[in-house]
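> would you be able to build a 3D model of this:
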Amino acid sequence: MQRKKNTRLAFEGSEHYIFFKATSLIPSSELASIQFLIQQYGQIHLPQDQSICNGSFTEFITCQLDIGTGEDHFTSLKMTKPFSPDLGFPDYNILKFDFPKLTTLVIYQTGNVKNTTLNILDRLTDLPLLGMVFITKDYSIDSIPIGFPKNLPNLKIFSIIDSIQKLNFQGFFNNSNIEGLSLSGVRFSSFALDSSYYLPRLKQLDLHIIVDTPISIDMQSSSFPSIQSLSIKTFGSKSNINLNMQSLWELYIDNDVSLSSLSLGNLKNLNTIDLNGQTTIAGNMTNLLGLDKATININSLTTYPFSMFPPNLSTFIMRNSSCLLIPTIPLPPSLLSFELSNNLLLAGSVPFSTIFGDSRPNFKVDLSFNPNLNVGIVPNNWCEYGGVNLQNTMVSSVPDCFLCYYGNGDPNILVPIIPPQNFVCNITFTSLNLFSSMGKFNLIGNLIGFGYPNAQALVPNRALVYNVPNNQYIVGPPRDYNISFYSMGGKNVTFSMVEVYFSVANATVVGNVNRQLVLEFSYFNSYLPHFVQFNQGTVNCTSINQNATHLVCSIPNSLVLEPTFMYNLRNEIIQFNLEATYEPKDNPPIVTSTDYSMETQTLELYGTFGPLFNFPLIIKVSNLTCRIVTSSVSLMKCELDTVPKPGPATLFVSIGGFDFISSSLLYFQPNSDNSGSSTTTTTSSTTGGSKETPQQICSRLTYNCYGHGQCDNNGICQCNENYNQIDNCLTKYINTTIKPNTTNPTVSFDIDGIDFQFEIYSIQELDYDGSILQELLLTNQTWNVSINTDNITTFANYQLFLGNDSIYETLLVSSDLSFSSIGRNVIFGDTELVLVPNAIKVGFSISNWQYQSNVATLRAVFKSIINNNQTISVDCDNQQQSIDSFTKDQLSESIQYLRVVKDNIQFNGRFIDFVLSDGRKTYSKTELISLTPTNNDQSIALIGINLPQCKSCQLDPDFTPLIIEKNNDNCSSPSKTWRIIVGVVVGGVAVAAVAIGTIILIKKKVAKKHYESKLNKLNVN
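Prediction:
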């Protein structure tokens, strides 16, 4: 058997794909079953072969592929097109359908079938997944098979509509799992439901049936324990219905034959009842305690079908009855709507005080189309009703509220009285001042209308609720607001409106002695004075400052604040009791990162600065005052009047007497015009008196690009393929095998037995003076390690595990190592790094460190073994050139390069001067902490990378393996080869998880010329 296949063709340079689907087979018995249906119901638009599942007929047919067998099976069938006689006859030998995956069957016809003797219900058996069946006007159905449904375990919904033939009723669906059953327009010779039936899951039953003989329906909770909705409409014969089901929620009854009876038993959860036709009601509806809405449309009734209204009824509708008088049964307080309409016999007067005495505002009454009913004088309290319909009744007079708004189109107010010619509507208001709350306001007055069309009536004609267009929240002083009232032709009134709503976003208590409550608002109209009180209004919080977003008040020293306390906030209109928390503590400022614009001389400080109201703010940079431009709880901007001196600077911030100081956060770059950087090795080495050309100088100083390239006319080495131009073609990219450590983020790099290590040692918290407050050693800790690869890039993640009992329980320390055999781009902050093939990138992060003071900072400490003296051969004479272990920035003394040489192999790291503090780029100084000799040749160096007080600190180094090939074509000695490992950029730190180098191109904010110059100095000093 042929399986379905998907083939994808991708064209070079195109994003488009073409899919080919090989045809799978429909089993022969299933194909015969669908052919039966197509022919029986004349569905000429559907093919009768394997192509029916090709996806072209999904409106009517859906199929599912069985991956195991490669066969297609039908899941949904819809025979809904008009009958066409131009097809063959269905095979009468098919006694049951073969649809193992069918879930839905829909047949919608107009009465035509090919063979009326072939009943589809006889063939609906042994279908394990069939859940829904809908059949309309299928005149082949002459009976419902005894025991139906047979072997249909998942059938939940079954519906037959308009069956012309009389069906038998002999226990169908008994003991089934059916949940919804609908028989509408179906004819039966006889019909009965009794206690012999058990349908435990049936929730909805609709019986709109035509029966020749009397109908008997006795439904008990024991037989129908889950029934919620019952609709019975019978024609042709009287019915006797007895209901006693506690789960029933809604009931509809309609019988067109007199002498039909309805007995209501225990229906305690019945919510809605709708009774129609010629039914006689037995049982006391007063006992229906859960009844909310009752609709009764029975012509034979001469009074209510109860002696008292059900106690929780909210809506009562009685139409087309034969009542002669309005029954004097008082309406219950729960009733919201009362209708007694369309009764030609109803006469007499309306007993207003007797039946409407307990009615509430917004009550609705409908007495329409009772032409003999004498309503008389409508009482004044009906002005507070939300709906009044007195059409086609006898009304002598109505209150002014109905005359004021006569003809305004309100569908809820319909009275047959026209205002006199000189009628004047005297609308009054308690005040012309309106107070808006989030764009919503109340209007209080008299004769102000029923709310139609633009308002909602709280109490009609007395209290209305309006919405400002788009619910606009408009702060500021009172403004004019116009409202138009219909009032017999229109009346415009101009009010004065002000917004009074407020919402507190954050409440903070500042200080321990002179405490202040600082409220930050999400919504606030500062035009209005606002007041804060404690202890249920007995203690005032003296207002200090109030602006568009904040309110600050002074808390009395005598008031004891609990950790969670209540306060009252109010203006002249509204007030709220609110909750806040208090933890006695200082609120000193903390600066986590800085950014300086040389063009505007603007300094940005990011961090935590607390509430800033009424507090003196001071920012100084060394001896320069920085003039504050803007300030908030997380960002302050200031401007320097003079250009700061290049190099590191001390930062001082004071807010309300709380100080912050740091000597490691600020570094001002020197002006690029005076940096002394040059483009190439040759120009940096050129003296004013040289008569050599740039090309000649390049050839002399780089040994003609070390034999791996050519000096161009500008004195720049143009390297051969795979050679590194940054060091003038001295080194060549090589392939190497990199194996990440499987236990901790320390990587040892071994070349021909020469071992290099650069490992993380500890994390230190430092005080402002550099003293160590606490230190976490990392050398013998446990790490959770995961290593993954996508066959191009390998990723190793190291998570420090400290245990739940550690004092560093919330601390998160992690390292991420990745390397790839192909070139790639990585982003660190706003700097893009281009990594060559086989480069290693290592990330290191520290989060949630618990600092001991606002001036405390972190230092990541790394350990490496360096040589006390080291050299490297650079020419044909094997001259030894001294290599310094450290190169530092002249202004800040920050380490820029670390170099370790062993047997002509060099390990080189470079530290750039920034880290990420809470996601923002900021200055970082790298320093030599200690140098401890181990013997005459080597020493242990501890190198520290300084970080600000950040919640999340990130470092990101890179390394790349390189090899030096010395070309000795002009030397008499044989050609020799030296290897060297040159690490070009360490992104803020050289992490212990790495012992390999990288070449990066910094595309953003870092000048390529500046790096080339320093690399030239490093390699060819």
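
> show me the helices in this protein, by range?
Counting by DSSP state H, one finds helices in the chain at the ranges 28-40, 352-355, 400-404, 681-685, 694-701, 703-706, 1008-1019.

> buried sites along the fifth one?
Read it as helix 694-701. Within helix 694-701, the residues scored as buried using 16 or more other CB atoms under 10 Å are 694, 695, 697, 698, 699, 701. C-betas here are computed from N, CA, C, even on glycine.

> how about the longest one?
For helix 28-40, the neighbour count (16+ other CB under 10 Å) marks 30, 31, 32, 33, 34, 35, 36, 37, 38, 39, 40 as buried.

> ok, now stretch 520-533?
So stretch 520-533, judged by 16+ other CB under 10 Å, has buried residues 521, 524, 525, 526, 528, 530, 531, 532, 533.

> do the same with stretch 310-329
Buried residues in stretch 310-329, defined by neighbour count with 16+ other CB under 10 Å: 310, 313, 315, 316, 317, 318, 319, 321, 323, 326, 327.

> one more: stretch 944-962?
Of the residues in stretch 944-962, those buried (16+ other CB under 10 Å) are 944-950, 953-962.

> could you list which of the residues you listed belong to strands?
Among these, the members falling in strands are 944, 945, 946, 947, 953, 954, 955, 956, 957, 958, 959, 962 (criterion: DSSP state E).

> contact partners for the nearest residue to residue 357 once chain neighbours are set aside?
Using CB to CB, 6 or more residues apart in numbering and skipping the chain neighbours, the partner closest in space to residue 357 is residue 330 (6.6 Å). Contacts for residue 330 (CB atoms under 8 Å, 6 or more residues apart in numbering) come out as 309, 354, 355, 357, 358.

> and for the closest residue to the first one other than its chain neighbours, the neighbour number?
Using CB to CB, 6+ apart and skipping residues adjacent in sequence, the residue nearest residue 309 is residue 332, 4.7 Å away. Here the number of neighbours of residue 332 (other CB atoms under 10 Å) works out to 15.

> distance of residue 332 relative to residue 167?
Using CB to CB, to the nearest Å, we find residue 332 at a distance of 45 Å from residue 167.

> nearest to residue 899, of the buried residues of stretch 520-533?
residue 521 (58.2 Å; CB to CB).

> how close does the closest one get to residue 925?
When residue 521 is compared with residue 925 (using CB to CB), they lie 41 Å apart.

> for residue 353, see how far away the residue nearest to residue 357 is.
10 Å.

> surely residue 37 meets residue 52?
No - assessed by CB atoms under 8 Å, residue 37 is found out of contact with residue 52, at 11.0 Å.

> what pairs with residue 339 across the strands?
Beta bridges link residue 339 to residue 317, residue 366 when assigned by DSSP bridges.

> for it, give me its contacts.
Residue 339 sits next to 316, 317, 318, 319, 365, 366, 367 when contact means CB under 8 Å, 6+ apart.

> and what of residue 526?
By CB under 8 Å, 6+ apart, the contact set of residue 526 is 475, 546, 547, 548.

> redo that, cut-off 6 Å
546, 547, 548 (CB atoms under 6 Å, 6 or more residues apart in numbering).

> for the residues you listed, which single residue is the most surrounded?
residue 546 (18 neighbours).

> tell me the one among the contacts of residue 330 nearest to residue 259.
Of all the contacts of residue 330, residue 259 sits closest to residue 309, with 27.2 Å by CB to CB.

> residues near that closest one, how many?
Count around residue 309 with other CB under 10 Å applied: 20.

> surely it and residue 334 touch.
No - using CB atoms under 6 Å, residue 309 makes no contact with residue 334, being 8.5 Å away.

> where does the prediction get shaky in the stretch 751-900 of the chain?
751-754, 805, 872-881 (pLDDT under 70).

> can you show me the strands along it?
Taking DSSP state E, counting those that start in this stretch as the criterion, the stretch 751-900 of the chain carries its strands at 754-766, 772-777, 782-789, 793-801, 812-820, 824-828, 831-835, 840-847, 857-867, 871-873, 880-882, 886-888, 895-902.

> in TSV, list those along with distance to residue 920.
TSV is the format used below for the strands of the stretch 751-900 of the chain (distance: least, CB to CB, whole Å):
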stretch	distance to residue 920
strand 754-766	20
strand 772-777	24
strand 782-789	28
strand 793-801	24
strand 812-820	19
strand 824-828	12
strand 831-835	13
strand 840-847	14
strand 857-867	15
strand 871-873	40
strand 880-882	40
strand 886-888	26
strand 895-902	22
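
> quickly note the distance from residue 948 to residue 800.
To residue 800, residue 948 is 21 Å away according to CB to CB.
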